[in-house]
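1. pasting the sequence and the predicted model now:
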Amino acid sequence: MTYLDNNATTQPTARVVEAMLPYLTECYFNASASTATFTGADKPRREAAAAMSKLLNAEEPDCFIFTSGATESNNWVFSSFARGRKAGRVLVSTIEHASVSEPAAELARAGFEVVEVPVDAQGVVRIDALRDALREDTALVSIMAANNETGVLEPIAEIGRLIRELCPAALFHTDATQAVGKILVDLQGDWQDVDLLSFSAHKFHGPKGIGGLYIRPGFEVEPMILGGGQEQGLRSGTTNTPALAGLASAASEARNLNSPAMCSLRDTFEARLQDEFPEAVIHSRGVPRLPSTSCFSLPGMLGEEMVGALAAAGIIVGTGAACSAGAIQSSKTLRAMEVAHEIAVAGLRVSLSRYSTMQELTEIIVQLKAIRQELPPE
Ligand code: PMP
């Protein structure tokens, strides 16, 4: 099987699996018990917090609250915000993942004023529109760091500065699920205006079902789950030690995942694709993107059908909307970029990991050509 759908999920590394195993076998003890320092069950959480803190240059390990992943973290940001409030102005971009856009829609139904900030034709949040939308009463802004479909990097530092300039009291959240472990994130540098940041370990070779929320020191978040008081009283439930051990290992291995080598692999692939399919539309090619992501359309070929045909040939890629199960619809991000419908429904997403090779990418082009030849003439 050739796997090129790494924006959906990645393979845990051998070291990650090895780091998790002891916490499923001999050290299965309760991390919150008073005996945890003796049993060693407190180690995974401590190491995960330290590794995340180092990876993102956070102020301290205590800034991290661990959750089941970015979906939970994103939902928590909105539910915490809504608690004890009846109204407020909230800004989100038009290309957010469903785990942000759905909670935002829920707030709108509850009477909050939710405004969607548009992106340009390349998928970059329009700073002029954001500037206009940032009224004095804006209380929450949630804009993703890297788009899951196109890989476009949003200008988080610039957005943060603008928010601080125009609405100093507004809360700035970024869903950094596709950015963490792939690009440099510096919470005390360029990203110093970010208050809350969501991430998931399985996007950077960690296990599934573990992620977290970074909370800037001094900022208060309402508890999400009440109970035994784990996670600083904010998210109760017995600590998931194997997953945290895996997260710790993945985070400490994660530096420079998206290396220049990966970038040149992706660029070579896109150049060859364009040679073979002159009609191919490669999305967001002109703006900063995750080096791991190539999103393109082959007009006349339906993205969903291509994904199926490639899978039958042993190659796994994504459509633009790989994370949403169910009915075929054109990609949300491509629609927000105002890509024509017939191009948007032809969208495919190839996403690389550190294990990807040029041979695998060449195989995709060969298979796409074969699939095209089998298509009935229009
Ligand atoms: N945000 C983005 C941008 C994502 O790509 C994903 C995963 N597809 C999520 C949030 C949700 O992550 P998880 O499924 O790990 O909760």
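-> Great, that's in hand.
2. now for L4: which residues touch it?
-> I315, I316, V317, V350, S351, L352, S356, E360, L361, I364 (Cβ atoms under 8 Å, 6 or more residues apart in numbering). Any C-beta I mention is one placed from the backbone N, CA and C, and that applies to glycine too.
3. hang on, L265 packs against L352?
-> Yes: between L265 and L352 a contact is recorded at 6.4 Å, counting by Cβ atoms under 8 Å.
4. circling back to that earlier point, redo the contacts of L4 as JSON lines? Include neighbour count and distance to T10.
-> Converted to JSON lines, the contacts of L4 look like this (neighbours: other Cβ atoms under 10 Å; distance: Cβ to Cβ, whole Å):
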{"residue": "I315", "neighbour count": "22", "distance to T10": "16"}
{"residue": "I316", "neighbour count": "15", "distance to T10": "12"}
{"residue": "V317", "neighbour count": "24", "distance to T10": "14"}
{"residue": "V350", "neighbour count": "26", "distance to T10": "14"}
{"residue": "S351", "neighbour count": "27", "distance to T10": "9"}
{"residue": "L352", "neighbour count": "27", "distance to T10": "10"}
{"residue": "S356", "neighbour count": "20", "distance to T10": "10"}
{"residue": "E360", "neighbour count": "17", "distance to T10": "15"}
{"residue": "L361", "neighbour count": "22", "distance to T10": "17"}
{"residue": "I364", "neighbour count": "22", "distance to T10": "18"}
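5. distance of S353 relative to the ligand?
-> According to Cβ to the nearest ligand atom, to the nearest Å, S353 stands 14 Å off from the ligand.
6. returning to that earlier point: where do the contact lists of L265 and L352 overlap?
-> By Cβ under 8 Å, 6+ apart, the residues touching both L265 and L352 are L361.
7. what does the domain assignment say about the protein?
-> 2-9+257-374, 14-253 (automatic domain parsing).
8. in CSV, list those along with mean pLDDT.
-> Formatted as CSV, these follow (pLDDT from 0 to 100):
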stretch, mean pLDDT
domain 2-9+257-374, 91
domain 14-253, 97
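9. re the thing from before, what about the contacts of L4, which are in helices?
-> Members of those lying in helices (criterion: DSSP state H): E360, L361, I364.
10. give the contact list for the last one.
-> By that I understand I364. Residues near I364 by Cβ under 8 Å, 6+ apart: T2, L4, F269, L310, I315, V317, V350.
11. from those residues, which single one is nearest G229?
-> When the contacts of I364 are compared for distance to G229 (Cβ to Cβ), L4 wins out at 42.7 Å.
12. measure that closest one to E47 for me?
-> The spacing between L4 and E47, counted by Cβ to Cβ, to the nearest Å, is 31 Å.
13. check C295 too.
-> In this view, C295 and E47 are 35 Å apart by Cβ to Cβ.
14. of those two, who's got more company?
-> Ranked by neighbour count (other Cβ atoms under 10 Å), C295 and E47 place C295 first, with 29 against 19.
15. what about that one, which helix or strand?
-> Under the criterion of DSSP states H and E, C295 resides in strand 293-297.
16. and for the helix or strand that comes right after that strand, what's in contact with it?
-> Remark: after strand 293-297, the chain's next helix or strand is helix 303-312, criterion DSSP H and E. Residues external to helix 303-312 that are found in contact with it (Cβ under 8 Å, 6+ apart): 297-298, 316-320, 328, 331, 345-348, 364, 367-368, 371.
17. of the residues you listed, just the buried ones, PyMOL syntax please.
-> Buried members of those, defined by 16 or more other Cβ atoms under 10 Å, are picked up in PyMOL with:
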select buried, resi 297+298+317+318+319+320+331+345+346+347+348+364+367+368+371
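18. out of the contacts of helix 303-312, list just those in strands.
-> The strands, defined by DSSP state E, take in S297, I316, G347, L348 from the contacts of helix 303-312.
19. pretty sure the second one contacts Y3?
-> Spelled out, that is I316. Yes: in this structure I316 lies within contact range of Y3 using Cβ under 8 Å: 5.0 Å.
20. spell out which parts of the stretch 1-150 of the chain neighbour the ligand.
-> Within the stretch 1-150 of the chain, the positions lying close to the ligand (Cβ under 6 Å from any ligand atom) are G69, A70, T71, H97, S99, M144, N148.
21. what kind of secondary structure is the fifth one in?
-> Meaning S99. At S99 the chain is in helix, as set by DSSP: H, G, I helix; E, B strand; the rest coil.
22. distance of it relative to M144?
-> For S99, the distance to M144 (Cβ to Cβ) stands at 10 Å.
23. quick one, what contacts C263?
-> Taking Cβ under 8 Å, 6+ apart, we find C263 in contact with P291.
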